[in-house]
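>>> what shape does this take:
(chains A, B, C and D)
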2 protein chains.
Amino acid sequence: MSRQRPGTPTLEEVAALAGVGRGTVSRVVNNAAGVRDSTRRAVQRAIAELGYVPNLAARSLAGHRADAVALVMTEPDWRLFGEPFFTEVVHAVGDALTDTPAQLLLTLVRSDTERRRFVEYARGGRVDGVLLMSVHAKDRLPDMLAEAGLPTVMLGRRSGEESVTYVDADNTGGARGAVRYLLDAGRSTIGAVTGPLDMYVAQCRLRGYREALESAGAAAGASLVVEASDFTEVSGHRAMTALLARHPELDAVLAASDTLAAGALNALRAAGRRVPQDVAVIGFDDFHPDRPTDPPLTTVRQPLQEIGRAMVRLLQEEMEESPVAWRHVILRTELVIRDSA
Amino acid sequence: MSRQRPGTPTLEEVAALAGVGRGTVSRVVNNAAGVRDSTRRAVQRAIAELGYVPNLAARSLAGHRADAVALVMTEPDWRLFGEPFFTEVVHAVGDALTDTPAQLLLTLVRSDTERRRFVEYARGGRVDGVLLMSVHAKDRLPDMLAEAGLPTVMLGRRSGEESVTYVDADNTGGARGAVRYLLDAGRSTIGAVTGPLDMYVAQCRLRGYREALESAGAAAGASLVVEASDFTEVSGHRAMTALLARHPELDAVLAASDTLAAGALNALRAAGRRVPQDVAVIGFDDFHPDRPTDPPLTTVRQPLQEIGRAMVRLLQEEMEESPVAWRHVILRTELVIRDSA
DNA sequence: CTGAAAGCGCTAACAC
DNA sequence: GTGTTAGCGCTTTCAG
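So this is what the prediction gives:
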């Protein structure tokens, strides 16, 4: 699709100008040890004079590495790409990669054409590894990548027996703890706004809700559970409205995400209910710690910065060791009391 | 940062298995003409059998092209990355690239470290060209890229005398037309919610507003203009609230973006004003044509799909011709009457 | 139509 | 410490 600008200086020209061999220039460029200081400076001067920039294709070819990592979002509904959750993941992974020479490449995979193109790109050696977010239960992309021998790490898993390396939070435990907290606080009618139940993460959070109720001897009536079609605020509003119509006596809600919780809050306020005195709402907060707390309610904190770090760490392990061993990390969640429930 | 998986089949092995020369395999892989059909099939069989995938680094090195295009967002406030406008741009550019062999790479540049890393990446030949969005007035990244001889196209411009190739919409004309329409509809007190005025796009839209009022002999009182700190819905709400406090008699508003307009609408409704009968609101709609119209009001349509296509087209021109000639495209906007104002 | 050969610019192993 | 050398896997003439 193009022609490269001509006349870019090469390693060889730098070496000639500095009066040294190519190997030495390579060492200087890569900050390798074992070069006399005076030599190093001479090379650096030549580099500056020529405006030399290493050719990354050549480096990849010779060095068998790309110094790039892809973060892929496979989401047919590309609008969701704008959701705060994804923004936060991008940010967290970006942070986790700062001390690394790797360039972070975001990629949107919306169709099979794009899926194919990306696999070729990745298998072609343009990235050292792939990070996946928002993988749906039936998506085969993780398998394609893993089978091709590419270091691959997913955020979340597709099912209870995920076969690709992943990092996840303890969703079941988090939900269980939140509901237990609500029960301890004396709440009796606790509803649930779940995420789409074709996603494992939503199933886990619902399971935690049920387990807590059951082990307390309380009933988890089916009518107390409403499934939102996605994790957006709008869906949360809609689900909460439906729930409230069925159960006006509701005095607490567990929402399956922070955005769903935000929507639920809006719906409650619109219905004239006082939050949290009248109805306690707990969501899962995926957000960055320095973010202003909105909604200012008790939440199950998902350690997204830690998840980012864990993903990068697992990826590096996969890149170093071979044959690739399957592994996973499940991070503990934490109940953060921001407001009396 | 890694080791590449071993044992990947090469062109040479494919050639050996198919009993042909490397050149022939290359031709087949690249769909080049001039290969006998039987030969082509034999090669394809060998490719399938070996599971051959071209090494993209080698291809780049030999072919002087990367088959990749970067779409960069330089935004210190990375949260804005989730705004619908950017989501739409990504989508539009993605669409414009589908008929091309190029992989789209999104990149977030949040700091100078990341800026430097990206420039090295781009200058290193990993992309054929760079598309920039959300460039702030003082950002030097476009110049760094352009000076390095990289095909570069910006969405919008940093000032009236932009020196880097860009695509923009006719913001001034669009705003002018919208206000003229409001005047023709009999509105008399027309306010403006502008974007941050350190961005050229916001200046243009404000200028259009002023021009229309002036040429109609109406006064554009300074108190009728409120500057929002960014283009988000929250800021629109805040600005509208301030505007309404100053001018309760307000009967129309031009908002500098669709999200600002959405925020303004919320504020108006919260204040008990009827929209659009009482107060007409016009925003700039950057959205995709098949998007449900929300807010369902008259808007200045920004042809984002066309902008995406134009950016890709200009980029291709820059990639083909050299030396790089500076150029730009300004697309016409269109007033879409969705509701009586 | 097809094979052979010359690099693309760099890294890494090996001598000196 | 530093220079030399042998590739990395592909595209692209150039013969035939």
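>>> need the residues of the stretch 51-200 of chain A near DNA strand C, please.
A:52, A:54-55, A:58-59, A:61-63 (Cβ under 7 Å from any atom of the strand). Every residue, glycine included, has its C-beta placed from N, CA and C.
>>> just give me the closest of those to A:Phe86.
A:Arg59 (31.1 Å; Cβ to Cβ).
>>> so what's the residue count around that closest one?
21 (other Cβ atoms under 10 Å in any protein chain shown).
>>> can you give me the helices for the stretch 151-300 of chain A?
Under the criterion DSSP state H, counting those that start in this stretch, the stretch 151-300 of chain A contains helices at A:171-184, A:200-215, A:233-246, A:258-270.
>>> what angle do the first one and helix A:200-215 make?
Using axes from the mean of the first three to the mean of the last three Cα atoms, to 10 degrees, the inter-axis angle of helix A:171-184 relative to helix A:200-215 is 40 degrees.
>>> which strands and helices sit next to helix A:171-184?
In terms of contacts (3 or more Cβ pairs under 8 Å, 6 or more residues apart in numbering or on different chains; DSSP states H and E), helix A:171-184 is packed against strand A:190-194, helix A:200-215, strand A:252-255, strand A:280-285, strand A:299-301, strand A:334-336.
>>> could you do the longest one as well?
Helices and strands touching helix A:200-215, by 3+ Cβ pairs under 8 Å, 6+ apart, are helix A:171-184, strand A:190-194, strand A:225-227.
>>> turn the ones you listed into a markdown table, columns for distance to B:Pro196 and mean neighbour count.
Below are the helices and strands packed on helix A:200-215 laid out as a markdown table (distance: least, Cβ to Cβ, whole Å; neighbours: other Cβ atoms under 10 Å in any protein chain shown):
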| stretch | distance to B:Pro196 | mean neighbour count |
| --- | --- | --- |
| helix A:171-184 | 39 | 21 |
| strand A:190-194 | 36 | 26 |
| strand A:225-227 | 40 | 20 |
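>>> looking at the residue of the stretch 201-341 of chain A found nearest chain B now. What's its pLDDT?
Residue of the stretch 201-341 of chain A nearest chain B, by Cβ to the nearest Cβ: A:Met319 (3.5 Å). pLDDT for A:Met319: 88.
>>> check whether whichever strand or helix holds it contacts DNA strand C.
Using DSSP states H and E, A:Met319 maps to helix A:304-320. No - Helix A:304-320 lies out of reach of DNA strand C by Cβ under 7 Å from any atom of the strand, never closer than 13.5 Å.
>>> remind me which residues of the stretch 151-300 of chain A are low pLDDT?
A:287-296 (pLDDT under 70).
>>> show me what from it comes close to chain B.
Applying Cβ under 8 Å from any Cβ of the partner chain, we find that the stretch 151-300 of chain A lies next to chain B at A:Pro151.
>>> so where do the strands sit in the stretch 1-150 of chain A?
Counting by DSSP state E, counting those that start in this stretch, the segments of the stretch 1-150 of chain A that form strands are A:68-74, A:103-109, A:129-133.
>>> closest point of the stretch 151-300 of chain A to DNA strand C, which residue?
A:Pro151 (17.3 Å; Cβ to the nearest atom of the strand).
>>> thought A:Met311 was touching that residue, still the case?
No - with contact defined as Cβ atoms under 8 Å, A:Pro151 does not count as touching A:Met311 (11.0 Å).
>>> just to revisit the earlier point, switch the strands of the stretch 1-150 of chain A over to TSV; also include mean pLDDT and mean neighbour count.
Formatted as TSV, these follow (pLDDT from 0 to 100; neighbours: other Cβ atoms under 10 Å in any protein chain shown):
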stretch	mean pLDDT	mean neighbour count
strand A:68-74	97	24
strand A:103-109	97	24
strand A:129-133	96	25
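>>> list the contacts of the residue lying closest to A:Gly124 once chain neighbours are set aside.
Nearest residue to A:Gly124, sequence neighbours excluded (Cβ to Cβ, 6 or more residues apart in numbering or on different chains): B:Leu56, at 3.3 Å. By Cβ atoms under 8 Å, 6 or more residues apart in numbering or on different chains, the contact list for B:Leu56 reads A:121, A:124-126, B:67.
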